[in-house]
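In: Could you look at this predicted model? Sequence included:
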Amino acid sequence: MVARIVPLFLLLLLVGIHAQLWTGRGSVGHVQELRQQIAEQQAANAQARAVNEHLAAEVGDLKSGLEMVEEKARNELGMVKPGEIYVQVVRAPQR
């Protein structure tokens, strides 16, 4: 009788472990989903890192001289120095 119970118990244990492998937490599907989330987060981190590096370079330029300040004022605020003539070229919309 004990000889039948031990193999049956081991078989049930094997089925339980196998079911956990395919359906539970830490299953193959769950691990694949986590890997996908990690890849997406790494891509978002790389993009944020690039933006941060660009902003840090811009801050460095702003701290180092007035050329960057003047350029930003001209581009964003339309600054014109005394004696300069402002010319704006407007192109016709393409059809």
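Out: Right, received. Where do you want to start?
In: helix, strand or coil for the residue positioned nearest the centre of the chain?
Out: In the chain, the C-alpha nearest the mean C-alpha coordinate belongs to Ala44, at 0.3 Å (CA atoms, centre = their mean). Here Ala44 is helix, with the state taken from DSSP: H, G, I helix; E, B strand; the rest coil.
In: May I have the predicted confidence score for it?
Out: Per-residue pLDDT puts Ala44 at 97.
In: What about Glu84, how many residues nearby?
Out: 9 (other CB atoms under 10 Å). C-beta coordinates here come from the backbone N, C-alpha and C atoms, glycine included.
In: I misspoke; the intended subject was Ala73.
Out: Neighbours around Ala73, by other CB under 10 Å: 13.
In: From Gly83, how far out is it?
Out: Noted for Ala73: a distance of 16 Å to Gly83, by CB to CB, to the nearest Å.
In: Repeat that for Arg95.
Out: 39 Å.
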